[in-house]
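Engineer: quick one: sequence and predicted model below, then my questions.
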Amino acid sequence: MTKTLLAFLQSLAVVSFSVFLLLPSIAAEIKTLTIMADSRPMILFEKFGFTHTGHVFVSVTGVSVASTLSSPDPSRLGFFLLSEESLFQVLLELQQNPSFCVLDSLYILSLFTFRDLSPPTHASFNQSYPVSSPNEYSLFFANCAPESQVTMNVRTEVYNIDNGKTKDFLSAGQTQLPTLYFLFSIAYFAFLGFWILTCYRNKRSVHRIHMLMAVLLLMKALNLICAAEDKHYVKVTGTPHGWDVLFYIFQFIRVVLLFTVIVLVGTGWSFLKPFLQDKEKKVLMIVIPLQVLANVASIVIGETGPFIKDWMTWNKLFLLVDIICCCAIIFPIVWSIRSLRETSKTDGKAARNLAKLTLFRQFYIVVIGYLYFTRIVVFALRTIAAYRYQWVSDAAEEIASLAFYLVMFYMFRPAEKNEYFVLDEEEEEAAMAALRDEEFEL
């Protein structure tokens, strides 16, 4: 295991721990959900970036509170907004006094309590509240009644008003995402067209891996166009109108294909050797099922929210699976490099083996850099960026992904005279010296 890989894994572990301390922004939309016999003291429903024209609408129906003690005080249960800046103050209050009720805090923006509900025969309430102070707020429900369980149907709408009349259901930092994803989808469709043209011009050098790479580009482009439509409909209407289903389908195919292509390219399958070794097959047998599990976790995380009891468990599962997959795809590249070093000592093709070693060493660095940036740097950007600029982290992630695709596809493009594999005989002596040099390591 190299120092580079160890440093990457350590950084990835730090991010995995940190993500639990800072909940990610939830894709805002109109949400309707049911809370059943829930005893949690606080439930997070939404996290949203408001402008000066922000509004939050909350409707609760079918409310009932069961308690093993005396009848609970309805003023001890209610909804409130909490800004990011005030969150730490409230946490400090709770730490200093564990019995403190967050509804009594001076740092929250109280919306209503169960004291405001209609008579018990209906037990309902709905109200829209303007948010005049621009900021990123979290919509919470608090239950400060001891030994009580709450059941209710909740409908939430959070939005900003553009041009004085149009509702924008995307957070202030995400309203640019539909345009962003659409532009990148065009870039990938153009990339796919150029890749097909390259393969056509170099028919004799095209291998099965190149066809798989073309499918990967198509899935990435379709995934982005569906993401753009999903965000557009959420922005305009508050619901994705079925585009979220297509988005998850293409995301699932794209992610599985991406990890598969990286593993296959790392093994040299189809362009260096026509088969996979047993240990390489085992890596695929580990990565593909884990990616299926990761996508299931991603769907649960995206389509529900922290208001479900197992939401954090699904987050932990997704992070764990992602870490395992990121580690697994590195090993085939390392194995290929070690295999080429061993082969170079016996087959008498020093220049050719040196070129292959150089290629796989560069690919190793590119993969490590891509994983490091998309898992760690992007997370850091999301953490430190102001709520109005959350789209910057998404743009950075897409730029890094496009750069990775361009580099990987260029390195392993079909070409009759690929500089990595066609070398002059005069280079043999220099190559032999380089291969004998023990410094040629990862």
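Structural biologist: Done, it's in.

Engineer: list the buried ones in the lengthiest helix in the chain?
Structural biologist: The longest helix of the chain (DSSP state H) is helix 208-237. Neighbour-count burial for helix 208-237 flags 209-210, 212-214, 216-235 (criterion: 16 or more other CB atoms under 10 Å). C-beta here means a position set from N, CA and C on the backbone, and glycine is covered the same way.

Engineer: packing partners of it?
Structural biologist: Helices and strands touching helix 208-237, as assessed by 3 or more CB pairs under 8 Å, 6 or more residues apart in numbering; DSSP states H and E, comprise helix 177-201, helix 243-267, helix 391-411.

Engineer: who are the packing partners of the second one?
Structural biologist: Counting contacts by 3+ CB pairs under 8 Å, 6+ apart, helix 243-267 packs against helix 208-237, helix 278-303, helix 330-344, helix 350-372.

Engineer: least confident of these, on average?
Structural biologist: Mean pLDDT values for the helices and strands packed on helix 243-267 show the minimum at helix 330-344, a mean of 75.

Engineer: list the contacts of the nearest residue to Phe191 once chain neighbours are set aside.
Structural biologist: Of all residues not flanking Phe191 in the chain, Leu217 sits nearest, at 5.8 Å (CB to CB, 6 or more residues apart in numbering). Applying CB atoms under 8 Å, 6 or more residues apart in numbering to Leu217 gives the contacts Tyr188, Phe191, Leu192, Trp195, Tyr405.

Engineer: can you put these in a markdown table and add neighbour count, distance to Lys47 and pLDDT?
Structural biologist: A markdown table is the format used below for the contacts of Leu217 (neighbours: other CB atoms under 10 Å; distance: CB to CB, whole Å; pLDDT from 0 to 100):
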| residue | neighbour count | distance to Lys47 | pLDDT |
| --- | --- | --- | --- |
| Tyr188 | 23 | 30 | 98 |
| Phe191 | 18 | 34 | 98 |
| Leu192 | 18 | 36 | 98 |
| Trp195 | 20 | 39 | 97 |
| Tyr405 | 21 | 31 | 97 |
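
Engineer: in TSV, list these along with distance to Val292.
Structural biologist: Below are these laid out as TSV (distance: CB to CB, whole Å):
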residue	distance to Val292
Tyr188	23
Phe191	27
Leu192	25
Trp195	27
Tyr405	23
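
Engineer: closest one to Gly62 out of the residues you listed, please.
Structural biologist: Nearest to Gly62, judged by CB to CB, of the contacts of Leu217 is Tyr188 at 46.3 Å.

Engineer: ok so, going back, ok, which of the helices and strands packed on helix 243-267 comes nearest Pro74?
Structural biologist: Taking these one by one with CB to CB, helix 278-303 is closest: 31.8 Å.

Engineer: buried residues in the closest one, which are they?
Structural biologist: So helix 278-303, judged by 16+ other CB under 10 Å, has buried residues 280, 283-284, 287, 290-291, 294-302.

Engineer: ok, then the element right after that helix?
Structural biologist: helix 311-328 (DSSP states H and E).

Engineer: where in the protein is pLDDT low?
Structural biologist: In the predicted model, the chain carries pLDDT under 70 at residues 1-28, 120-122, 270-276, 307, 343-354, 416-442.

Engineer: so how far is Tyr129 from the residue sitting nearest the centre point of it?
Structural biologist: In the chain, the C-alpha nearest the mean C-alpha coordinate belongs to Ser298, at 7.9 Å (CA atoms, centre = their mean). Per CB to CB, to the nearest Å, Ser298 is found 32 Å from Tyr129.

Engineer: same check on Leu319?
Structural biologist: 35 Å.

Engineer: which one's more surrounded, the two?
Structural biologist: Neighbours were counted for Leu319 and for Tyr129 using other CB atoms under 10 Å; Leu319 has more, 20 against 16.

Engineer: would you mind measuring from the more buried one to Ala294?
Structural biologist: With CB to CB as the criterion, Leu319 and Ala294 are 9 Å apart.

Engineer: repeat that for Ala395.
Structural biologist: Ala395 is 23 Å from Ala294, by CB to CB.

Engineer: equivalent analysis for Gly173, please.
Structural biologist: 25 Å.

Engineer: now swap in Leu217 and tell me
Structural biologist: For Leu217, the distance to Ala294 - CB to CB - is 21 Å.

Engineer: pretty sure Trp311 contacts Ala297?
Structural biologist: No. Using CB atoms under 8 Å, Trp311 is not in contact with Ala297, being 10.4 Å away.

Engineer: ranges for the helices of the stretch 1-150 of the chain?
Structural biologist: Under the criterion DSSP state H, counting those that start in this stretch, the stretch 1-150 of the chain contains helices at 3-18, 84-96.

Engineer: coming back round to it: what's the most buried one of the helices and strands packed on helix 208-237?
Structural biologist: Greatest average neighbour count among those goes to helix 243-267 (a mean of 21), per mean count of other CB atoms under 10 Å.

Engineer: distance from that one to the middle of the chain?
Structural biologist: Centroid separation between helix 243-267 and its chain, computed with CA atoms, centre = their mean, to the nearest Å, is 13 Å.

Engineer: cool, stretch 215-226 as well?
Structural biologist: Worked out by CA atoms, centre = their mean, stretch 215-226 lies 16 Å from the chain centre.

Engineer: stretch 401-419 now?
Structural biologist: That offset, for stretch 401-419, works out to 25 Å (CA atoms, centre = their mean).

Engineer: need the residues that contact it.
Structural biologist: Residues contacting stretch 401-419 (CB under 8 Å, 6+ apart): 184, 187-188, 191, 195, 198-199, 202, 204-207, 209-210, 213, 217, 220, 262, 265, 271, 355, 359, 362-363, 366, 369-370, 374, 420.

Engineer: ditto for stretch 119-129
Structural biologist: 55-64, 111-112, 116-118, 155.

Engineer: what does stretch 190-204 give?
Structural biologist: Stretch 190-204 has contacts (CB under 8 Å, 6+ apart) with 206, 210-211, 213-214, 217-218, 221, 402, 405-406, 409, 413-416.

Engineer: contacts only, for the residue nearest to the centre of the chain.
Structural biologist: Tyr248, Gln251, Phe318 are the contacts of Ser298 under CB under 8 Å, 6+ apart.

Engineer: can you do 10 Å?
Structural biologist: Residues near Ser298 by CB atoms under 10 Å, 6 or more residues apart in numbering: Tyr248, Gln251, Phe252, Val255, Gln291, Trp314, Asn315, Leu317, Phe318, Val321, Asp322.

Engineer: among the residues you listed, which two are most distant?
Structural biologist: Phe252 and Asn315 (18.2 Å).

Engineer: chain neighbours aside, what residue packs nearest to Phe259?
Structural biologist: Val287 (5.1 Å).

Engineer: cool, and Tyr188?
Structural biologist: Ala221 (3.7 Å).

Engineer: pretty sure that neighbour is touching Phe189, no?
Structural biologist: Yes. Counting by CB atoms under 10 Å, Ala221 touches Phe189, with 4.8 Å between them.
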